[in-house]
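1. what's the 3D shape of this:
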Amino acid sequence: MVVSDLSPAPCASASSRAHPKAKPGYGKRSVPVQRPPHEGDFVLLPERERHIAGYVDALPDGAAMDIKSLARSQPLYGQMAVGSALRALGVAGHLRHVRCLSGENGEQVRWVTRTFWSRTARDNEWWNAFLTAEERHPAPQEAAEAAATSAPEVPASVPVPAQPLVTTVPQQRTAEPEPVLMPVPVPVSQATAGSPSPAFLALAHLGRADSRLALSAADCAALEQAAAEWFARGVDADYLTHALTAGLPASVDSPFGFVRRRLRDKLPPRLPAASPAAPGTPVRRLMVECTECGAPGRPEAFRDGLCRPCREPDPA
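-> From the prediction side, this is the model:
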């Protein structure tokens, strides 16, 4: 019996051409010492997971790995199917979601979310050792991305058409009075009204990230202080949005109560101030993220990419 098309994965050029690139610091990260791709890769996985694995494997490092971007860039599966496939690939040992505290000395330190990808399925011991080493040594992608973002753009030279030589006779001009600059009045509403805080704006944009978490203006104002505590612990709006929208149920009856609960339960730890380091030394912390609920923790606290509550659910 002949079996054809064991790995219905898109080719690298087709998948990477339309797929968006993640923000600097985020996105896909391939683990080192990857073997060359083969048509039999992921053959033991179910059809849906085999397709998503082949698609992700063909993406370049730095590609966006959020569920919406993956579902938007390939037509076969929607967001819920892609989310389920990513969780299954984490259990199979192909990926780990990781939160890293990254930043250069003297610059803003922020949390970023990365997805480490392995073409070969790895066991828990291998992932724990790799992530421990990754926390101690800076990843080479960070230096390249920092150099790319800090390099100034050089505008392309525009050819100037040749102009005919015209000789002009200077004319005497009478002195013109200098214009008097009058102050422009600022509207009272613009001068006194304060702009919304980053925490309020992040809550207001949750509905655009996922309609199940649409909040009213009054809801955002009531939850603003709780979200501001996240920002005080070094996270940014992208990190907060990802933490609140990861692993949503099929329907959310009370977006306000759901977001309030997650703001309290998933609050990141307050890290101590780092000791002074040499200029250019990156400040790094690393926490693994559960592929089911998104809860962060140390690598050794996870098995198959799952935290204890997700891999040992309460019978009640």
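2. for the protein, what spans make up the helices?
-> For the chain, the helices defined by DSSP state H cover 12-18, 47-58, 67-73, 79-92, 124-136, 140-150, 188-192, 198-204, 206-209, 217-232, 237-245, 255-265, 308-311.
3. got a list of contacts for the fifth one?
-> It stands for helix 124-136. 31, 93, 96, 98, 116, 122, 284-286, 288, 299-300, 302-304 (CB atoms under 8 Å, 6 or more residues apart in numbering). All C-beta atoms are positioned from the backbone trio N, CA, C, and that covers glycine.
4. hmm, try it at 10 Å
-> Contacts to helix 124-136, defined as CB atoms under 10 Å, 6 or more residues apart in numbering, come from residues 29, 31-32, 90, 93, 95-96, 98, 100-101, 114, 116, 118, 120, 122, 284-288, 298-305.
5. ditto for the last one
-> Taking contacts as CB under 10 Å, 6+ apart, the residues outside helix 308-311 that touch it are 87, 91, 247, 290-295, 297, 301-305.
6. at 7 Å instead, please
-> Cys290, Glu292, Cys293, Arg303, Asp304 (CB atoms under 7 Å, 6 or more residues apart in numbering).
7. Which secondary structure element of this structure has the lowest mean pLDDT?
-> None of the helices or strands of the chain scores lower by mean pLDDT, DSSP states H and E than helix 188-192, at a mean of 37.
8. Buried ones among the contacts of helix 124-136?
-> Applying 16 or more other CB atoms under 10 Å to the contacts of helix 124-136, the neighbour count classes 29, 31, 90, 93, 95-96, 98, 100-101, 114, 116, 118, 122, 284-288, 299, 302-305 as buried.
9. ok so, going back, closest one to His38 out of the contacts of helix 308-311, please.
-> Using CB to CB, Asp304 comes nearest to His38 of those, at 24.1 Å.
10. mind checking how far that closest one is from Cys290?
-> Distance, Asp304 to Cys290, by CB to CB, to the nearest Å: 10 Å.
11. Wait, Gln74 touches Ile52, no?
-> No. Assessed by CB atoms under 7 Å, Gln74 is found out of contact with Ile52, at 8.1 Å.
12. Looking at the two, which has the bigger crowd around it?
-> The residue with more neighbours, out of Gln74 and Ile52, is Ile52; 26 against 17, by other CB atoms under 10 Å.
13. From Cys290, how far off is the closest residue to the more buried one other than its chain neighbours?
-> The shortest distance from Ile52 to any non-neighbouring residue, by CB to CB, 6 or more residues apart in numbering, is to Ala85 (4.1 Å). For Ala85, the distance to Cys290 (CB to CB) stands at 16 Å.
14. ok, residues contacting stretch 41-49?
-> Outside stretch 41-49, the residues that touch it by CB under 7 Å, 6+ apart are 6-7, 50, 53-54, 57, 77, 81, 85, 88-89, 92, 119.
15. Can you say which two of those residues are spatially most distant?
-> Farthest pair in these, by CB to CB: Ala81 and Arg119, 21.6 Å.
16. which residues of the stretch 201-316 of the chain score low on pLDDT?
-> For the stretch 201-316 of the chain, the stretches with pLDDT under 70 are 271-285, 313-316.
17. what about 50?
-> Applying pLDDT under 50 to the stretch 201-316 of the chain flags residues 274-277, 281-283.
18. likewise the stretch 1-150 of the chain?
-> 1-16, 143-144, 146-150.
19. ok, and the closest non-adjacent residue to Pro20?
-> Excluding its sequence neighbours, the residue lying closest to Pro20 (CB to CB, 6+ apart) is Ala64, at 4.8 Å.
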